[in-house]
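Trainee: using only what follows, build the 3D model:
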Amino acid sequence: MIKRSFYNFKSKILICLLVILVPVVNVMAQDSVHVNLNKAIEIALSESPTMRIADRSIEIKKVYKKEQIVSLFPDVSLAANYNRTLLKQTMSVDMGGQTVNMKMGRDNTYSVGANLSLPLVAPALWSSLKLSAMDIDLAVESARSSKIELTNQVKQAYYIYLLAKQSYAVLQKSYENLEASNKIVTNSFNQGLVSEFEKLRSDVALQNQRPAVTSAAKGVRLAAMRLKVLLGMNIDEPVIFDGQLSDYEQEVLNAQVPDEKDLQLAYNSALRQLDLGIQQMEQSKKIITSSSLPMLALAGALQYSGMGDDGKQFTNYPYSYVALSLQVPIVSWASTNFKLKQSKMNIENMRDQKLDAERNLRIGVQSYLNDMQQAIEDIAADRETMNQAQKAYDIAKKQYEVGMNTWLDLSSAELTLTSTQLTYCQSIYNYLTARANLDATLGRGE
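Mentor: Residues are numbered from 1 along each chain as shown. Here you go, the predicted structure:
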């Protein structure tokens, strides 16, 4: 009687806990945010510090260009000066055979004026402005490269998460199959239909599968955390990443791998940055030449000065001028010739770097195309093999239930089914990652 009352009390506690926890679980489920691949890319591009740094770099280059443009406008400055004479200079003058000593200067001297300068002909400055414009183009291309790279990283991380999630589902299903088989073996053993050795083998196989399922579950959580970090989220934020690898099956089966000759590297960001680098070095070469050309500048000043002793009236003197200043370098041509030779060799080196980079990129493109083609061929075969393995497992399970085969046959069929399902998921993953890398190489991932 006491035991029954205890069970009734325990049941009431469980019911109360369920009443409390179910609404909490529902609220947590409602608060979770669903994110697909496109949304994940959008979040990453808006929240990534890398993109904010790239955008600021562009603004910095634009501001620097404006700073250089300002140097083409007139430069006006104001100047003021005041001198207090502590000890006047004494000058001796011979006047009619007598030496007369005279104090020179005034106790107070001041000057106020405005200075004007304006470059009229400045080849080096004009060339520098063009170089600043190229710096902006390079910063824009660098930001585009960061965007492509980040998009590719998000895709890779998302595909890894989908692979981990579907692998966990396969292993969980495999564990459930082993658990069902173990129940059959246990019932048969209790009825004396199978040996203790066969029951032990079934128990050991079930126990061995648990660490794999646990490890797969941890892999899903770790992949989700890495994806959240890449998106700029907190790892504890309730986010549900939608999608399955099997959702891409038809896309892979219907895919047509393009020929390498039809794929151009014109939009590859690395090559475009090298092109811009070569253009910058060509412009720098022009700056070296421009620095040896004559420069013409306009200068002017308006000053107002005065001097006087303490307690006496000041004497004022206005002063102004306008002048043209011409600067013609002469000896600098000797060093300019060597600088031009160095610049020419640096340009040739960068062109060779671009040629080498283009060749390596061609190899990478061909490798991605081969991976995509191999994945397309594998997934068709893997799908058929997986269906056959499923049929074989179903047959082996029914035969074991009626005693027509051994537990070893059933276990082998279940292992084959799990292996084919994992291989099927891996083939889809291989195609998706190869396509993402190809898009990034061709500059399509922006």
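Trainee: count the residues that sit near the residue nearest to A396 when sequence neighbours are not counted.
Mentor: Excluding the flanking residues, the one nearest A396 by Cβ to Cβ, 6 or more residues apart in numbering is A413, at 3.9 Å. Every C-beta, even on glycine, is put in place using the N, C-alpha and C of the backbone. A413 has 23 neighbours, counted by other Cβ atoms under 10 Å.
Trainee: determine the set of other helices and strands touching the helix or strand harbouring L78.
Mentor: If you go by DSSP states H and E, L78 is part of strand 75-84. Secondary-structure packing of strand 75-84 (3 or more Cβ pairs under 8 Å, 6 or more residues apart in numbering; DSSP states H and E): strand 108-121.
Trainee: which other residues reach stretch 387-401?
Mentor: Among residues not part of stretch 387-401, those counted as contacts by Cβ atoms under 8 Å, 6 or more residues apart in numbering are 177, 181, 184, 405-407, 409-410, 412-414, 416-417, 419-421.
Trainee: now list the buried members of these.
Mentor: 177, 181, 184, 405, 407, 409-410, 413-414, 416-417, 420-421 (16 or more other Cβ atoms under 10 Å).
Trainee: and these, which two are furthest apart?
Mentor: The distance between the two most remote of the buried ones among the contacts of stretch 387-401 (Cβ to Cβ) is 22.7 Å, for I184 and T420.
Trainee: show me the strands in the stretch 201-350 of the chain, by range?
Mentor: Ranges of strands in the stretch 201-350 of the chain, per DSSP state E, counting those that start in this stretch, are 239-241, 295-308, 315-327.
Trainee: among those, which is nearest Q366?
Mentor: Ranking the strands of the stretch 201-350 of the chain by proximity to Q366 (Cβ to Cβ) places strand 239-241 first, at 32.2 Å.
Trainee: in the stretch 251-400 of the chain, where is pLDDT below threshold?
Mentor: Residues of the stretch 251-400 of the chain that meet the criterion pLDDT under 70 lie in 311-314, 331-334.
Trainee: go with 80
Mentor: Residues of the stretch 251-400 of the chain meeting the criterion pLDDT under 80: 258-262, 291-293, 309-317, 328-336, 400.
Trainee: one more: the stretch 51-200 of the chain?
Mentor: 67-68, 70-72, 93-97, 99-106, 122, 124-125, 181, 184-185, 188-189, 191-199.
Trainee: recalculate using a threshold of 90.
Mentor: Where the stretch 51-200 of the chain drops to pLDDT under 90, the residues are 51-77, 81-111, 113, 115-139, 142-143, 146, 171, 173-200.
Trainee: average pLDDT across the host helix or strand of S412?
Mentor: Element membership of S412 [criterion: DSSP H and E] is helix 407-441. For helix 407-441, the per-residue pLDDT values average out at 89.
Trainee: how near is V93 to S367?
Mentor: V93 is 97 Å from S367, where distance means Cβ to Cβ, to the nearest Å.
Trainee: repeat that for T214.
Mentor: 35 Å.
Trainee: what's the answer for S320, then?
Mentor: From S320 to S367 the distance is 74 Å (Cβ to Cβ).
Trainee: quick one, which of those two is more surrounded?
Mentor: Counted by other Cβ under 10 Å, S320 and S367 do not tie: S367 has more neighbours, with 14 against 11.
Trainee: for S291, which non-adjacent residue is closest in space?
Mentor: Using Cβ to Cβ, 6+ apart, the closest residue to S291 is A124 (4.6 Å).
Trainee: list the contacts for that neighbour?
Mentor: By Cβ under 8 Å, 6+ apart, the contact list for A124 reads I287, S290, S291, L293, M295.
Trainee: related to what we said a few turns ago, return the member of the contacts of stretch 387-401 nearest to V204.
Mentor: Nearest to V204 out of the contacts of stretch 387-401 is W407 (Cβ to Cβ; 11.3 Å).
Trainee: quick one: residues contacting the closest one.
Mentor: By Cβ under 8 Å, 6+ apart, the contact list for W407 reads S181, V185, V194, E198, R201, S202, Y400.
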